[in-house]
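> What follows is a protein structure lacking sequence information:
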């Protein structure tokens, strides 16, 4: 009877493979052009300024008309060395329902995408996204603000994020 080597070959192969390092690593933030180079967290506060100085009637649901004065603070710089956000963003909202308009005085070259939604129980939620060229050549800033106010109040709260992108997001 001839001895077989199959068991030894498998054992040898698994020993070689288990000790083998391919040199690949999991990419970190910014190592891929489809990922941000850094991310920071923002905290929002502020005031809804209405025409009559009163909060929208609670029984009317989300009625966002007025000026949303959204104050921004950096709550966590994360992996960013610089977080170029303004301390105050103002949005003027007019109309009702499908006739609602959102105006923002954008800087030259700044793209702004805005939307509003009823969060339920009279809460109004904003989604305000700002994209601009970064001071870092060839990069882009993405500032995403998610402010909201609850029925019966003029107090704005929320959170947001800042991301630095190597390409336009």
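Received, thanks. Nothing here was measured: the structure is a model prediction, and the numbers come from that model. Numbers count the residues shown, from 1 in each chain.
> Neighbours of residue 150, how many?
15 (other CB atoms under 10 Å). (Glycine included, C-beta is placed from N, CA and C.)
> For the nearest residue to it once chain neighbours are set aside, report the pLDDT, please.
Distances taken as CB to CB, 6 or more residues apart in numbering put residue 123 closest to residue 150, at 5.1 Å, once the chain neighbours are dropped. Looking at residue 123, its pLDDT is 86.
> who does the closest residue to residue 79 other than its chain neighbours bridge with?
Among residues not flanking residue 79 along the chain, residue 38 sits closest, at 4.2 Å (CB to CB, 6+ apart). Using DSSP bridges, the bridge partners assigned to residue 38 are residue 164.
> ok, now the one 10 residues further on?
In this entry, residue 48 is beta-bridged to residue 68, by DSSP bridges.
> what's near enough to touch it?
By CB atoms under 8 Å, 6 or more residues apart in numbering, residue 48 lies in contact with 55, 64, 66, 67, 68, 69, 149, 153, 154, 155, 156.
> now with 6 Å?
66, 68, 149, 154, 156 (CB atoms under 6 Å, 6 or more residues apart in numbering).
> returning to that earlier point: please report how far the residue nearest to residue 150 lies from residue 54.
Distance, residue 123 to residue 54, by CB to CB, to the nearest Å: 17 Å.
> Same question for residue 158.
21 Å.
> Looking at these two, which has the bigger crowd around it?
residue 158 (20 against 9).
> What helix or strand is the more buried one located in?
Remark: residue 158 resides in strand 155-165, with elements defined by DSSP states H and E.
> what comes up buried for that strand?
Neighbour-count burial for strand 155-165, counted by 16 or more other CB atoms under 10 Å, picks out 156, 158, 160, 161, 162, 163, 164, 165.
> average pLDDT across stretch 150-166?
Stretch 150-166 comes out at a mean pLDDT of 94.
> Thank you kindly, that will do.
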